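>>> Need a 3D model of the following:
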Amino acid sequence: PGAALPYDAYGREAYQGQGGRAVDVPFAAADFGVPGAAARRDEDDAQLQQAINASLEEAAWDQHRRQQRELEESEELAAAWAAIQEEEMREAEEAAIAIAAAEEAELAETMEQRRRSESEAEDRRRSLLQRPPPGLVETFEPRQWLNDRSISLAYLHMAAGRGASEGAGSAGRTPLPEFVLLMDPATAFWLTQTDDTEQMEQATRALKLQDREMVLIPINDSGDGSRADGGTHWTLLVCWDRGGASVDDARDSGEDRKDRADSGNAGRFSRFSYYDSLGGGGSSPIRQAANANFQQAQTLARKLAGRHVQLTVGSCARQTNGFDCGVYVLMYSEMIANAFVEARAAAAAHGDSSPGKGCIKQGVGSRLMRSAAAAIPIWEDQLLAITPKEVAFRRTHYHDLFSALAQGGATAQAGAA
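Here you go, the predicted model:
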């Protein structure tokens with residue numbers, strides 16, 4: 001008792017307990033009368049609290065600075081992303097402007113090429129109208145076959161209003177309207193032979209078939225696409241009656257007609273008449289399958305209609321020899337085109353047609369039929385009335401017409417020299 005014991009600042013005494021172990025016994029130093037122990041403890045507690053508060057304050061500031069830094073980084077990232085988007089939009093706009101400019105330039109070039117092509121074609125037509133190429137006049141001599149160039153030249157004169165009934169320098173007749181197309185034989189043969197859908201679409205656009213109400217097409221029986229002026233027989237395919245009801249349509253169900261309208265075939269030609277001066281392509285399927293001209297016409301009609309079609313074999317005069325088929329085609333073409341134009345003009349005069357819409361209205365169609373009950377075009381009466389004597393006269397007329405043009409061109413060329 002009364003001996004000084006070792007203790008630390010918090011009054012923990014070290015002594016030897018039972019068994020010789022050293023034991024720390026916490027106790028209040030004031031209980032043993034240690035002067036200033038409580039004050040030091042309070043001071044230590046205050047310092048500890050201050051340290052804790054300082055640590056918490058520093059942690060709070062660290063968190064604030066971290067949040068501020070994260071906010072600044074987020075704002076920088078947003079600004080960078082906005083800059084990237086703005087740059088991408090600018091580049092997209094520049095690309096769009098460049099593409100539009102390129103497309104506009106390409107369109108302008110295409111239009112210029114088309115204009116040049118049409119101008120060159122018109123120059124060639126004028127040249128042919130003024131002077132036939134060598135060897136063509138001879139094809140109109142007696143007992144000679146007409147070739148592609150023969151029919152093409154006759155079609156040019158017919159379209160220009162210089163049919164077989166007019167002289168070489170006559171301008172008395174009106175040219176055929178744009179809604180009637182006399183297709184060049186070479187073009188018709190190429191369309192029949194090609195299987196390229198894209199080229200077919202380009203050709204139909206170039207021919208402006210969407211604006212035509214009647215297309216007359218000379219058909220040759222040649223199947224050799226590598227040889228010009230092949231074949232041995234000419235026939236005529238007539239495409240007409242846009243948007244009307246074809247023979248097949250009358251047998252089709254409403255669903256079939258709706259399917260054709262939904263597929264984009266509405267408004268295309270619905271009537272396809274076929275004329276053969278040898279009587280080919282009759283009602284017998286066996287005769288039709290064996291007739292090369294009929295098969296060529298069927299193929300081309302299907303391509304132009306965009307669907308399967310059935311040709312209507314029309315009535316026409318028969319040739320009495322083996323060389324006048326081409327002249328018959330020319331006479332058929334002129335009579336049919338004139339009948340169509342006259343019927344359309346009469347319908348327009350009575351207000352029962354809509355010119356310029358690319359569709360034959362009921363008024364025009366009714367005027368083209370022999371009667372309401374019989375779906376027979378009125379021009380077939382004229383075709384049936386053609387005589388061999390008229391054919392011979394027409395051949396001679398074409399020969400004289402083109403001979404005069406050839407001689408006039410040669411004289412003009414000699415005078416220029």
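>>> the helices in the stretch 201-350 of the chain, which residues?
247-251, 254-262, 285-290, 292-305, 325-349 (DSSP state H, counting those that start in this stretch).
>>> Surely Pro185 touches Asp148?
Yes: between Pro185 and Asp148 there is a contact under Cβ atoms under 8 Å: 4.3 Å. For glycine as for every other residue, the C-beta is placed from the backbone atoms N, C-alpha and C.
>>> higher neighbour count, those two?
Under the neighbour definition other Cβ atoms under 10 Å, Pro185 and Asp148 were set side by side, and Pro185 has more, 25 against 22.
>>> ok now do that one, which residues does it touch?
Shown in contact with Pro185 (Cβ atoms under 8 Å, 6 or more residues apart in numbering): 148, 151-152, 218, 220.
>>> Give me the subset of these that lies in strands.
Within the contacts of Pro185, residues falling in strands by DSSP state E are 218, 220.
>>> In the contacts of Pro185, find the pair that's most separated.
Ser152 and Asn220 (12.0 Å; Cβ to Cβ).
>>> When these two are compared, which one has more neighbours?
The neighbour count for Ser152 versus Asn220, taken as other Cβ under 10 Å, is higher for Asn220 (26 against 20).
>>> what residues are up against the more buried one?
148, 185, 188-189, 230-231, 233-234, 293, 296.
>>> will you turn these into CSV that also has pLDDT and distance to Thr387?
Shown next, in CSV, are those (pLDDT from 0 to 100; distance: Cβ to Cβ, whole Å):
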residue, pLDDT, distance to Thr387
Asp148, 93, 27
Pro185, 93, 25
Ala188, 93, 27
Phe189, 92, 30
Gly230, 76, 30
Gly231, 84, 26
His233, 93, 20
Trp234, 95, 19
Asn293, 92, 23
Gln296, 93, 28
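>>> Would you mark the buried spots in the helix or strand Met200 falls within?
For Met200, the host element (DSSP states H and E) is helix 197-206. By neighbour count on 16 or more other Cβ atoms under 10 Å, the buried set for helix 197-206 is 203-204.
>>> Could you figure out how far it is turned away from helix 292-305?
80 degrees (axes from the mean of the first three to the mean of the last three Cα atoms, to 10 degrees).
>>> what's helix 197-206 in contact with?
Against helix 197-206 from outside (Cβ under 8 Å, 6+ apart): 114, 187, 190-191, 194, 210, 303-304.
>>> Return the residues in contact with Tyr274.
235-238, 281, 294, 297, 311-314.
>>> Give me the lowest-pLDDT entry from those.
When the contacts of Tyr274 are compared by pLDDT, Gly281 scores lowest at 68.
>>> any idea which of the contacts of Tyr274 is closest to Ala375?
Thr312 (8.3 Å).
>>> and that closest one, how far is that from Glu380?
10 Å (Cβ to Cβ, to the nearest Å).
>>> Repeat that for Ala347.
With Cβ to Cβ as the criterion, Ala347 and Glu380 are 19 Å apart.
>>> show me the contacts for Trp379.
So Trp379 contacts 335-336, 339-340, 368 (Cβ under 8 Å, 6+ apart).
>>> so can I have CSV of the residues you listed showing pLDDT, distance to Ala83 and neighbour count?
Converted to CSV, those look like this (pLDDT from 0 to 100; distance: Cβ to Cβ, whole Å; neighbours: other Cβ atoms under 10 Å):
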residue, pLDDT, distance to Ala83, neighbour count
Met335, 95, 75, 18
Ile336, 96, 71, 27
Ala339, 92, 73, 20
Phe340, 93, 68, 26
Leu368, 77, 70, 24
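>>> can you list those residues in CSV and add distance to Thr110?
CSV is the format used below for the contacts of Trp379 (distance: Cβ to Cβ, whole Å):
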residue, distance to Thr110
Met335, 38
Ile336, 34
Ala339, 37
Phe340, 32
Leu368, 37
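>>> can you put the contacts of Pro185 in JSON lines and add distance to Gly326?
As requested, the contacts of Pro185 are exported to JSON lines (distance: Cβ to Cβ, whole Å):
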{"residue": "Asp148", "distance to Gly326": "10"}
{"residue": "Ile151", "distance to Gly326": "6"}
{"residue": "Ser152", "distance to Gly326": "11"}
{"residue": "Pro218", "distance to Gly326": "8"}
{"residue": "Asn220", "distance to Gly326": "9"}
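>>> any idea of the mean pLDDT for the helix holding Met200?
On average, helix 197-206 scores 88.
>>> Return the set of buried residues in stretch 208-228.
Going by 16+ other Cβ under 10 Å, stretch 208-228 has these buried residues: 209, 212-222.
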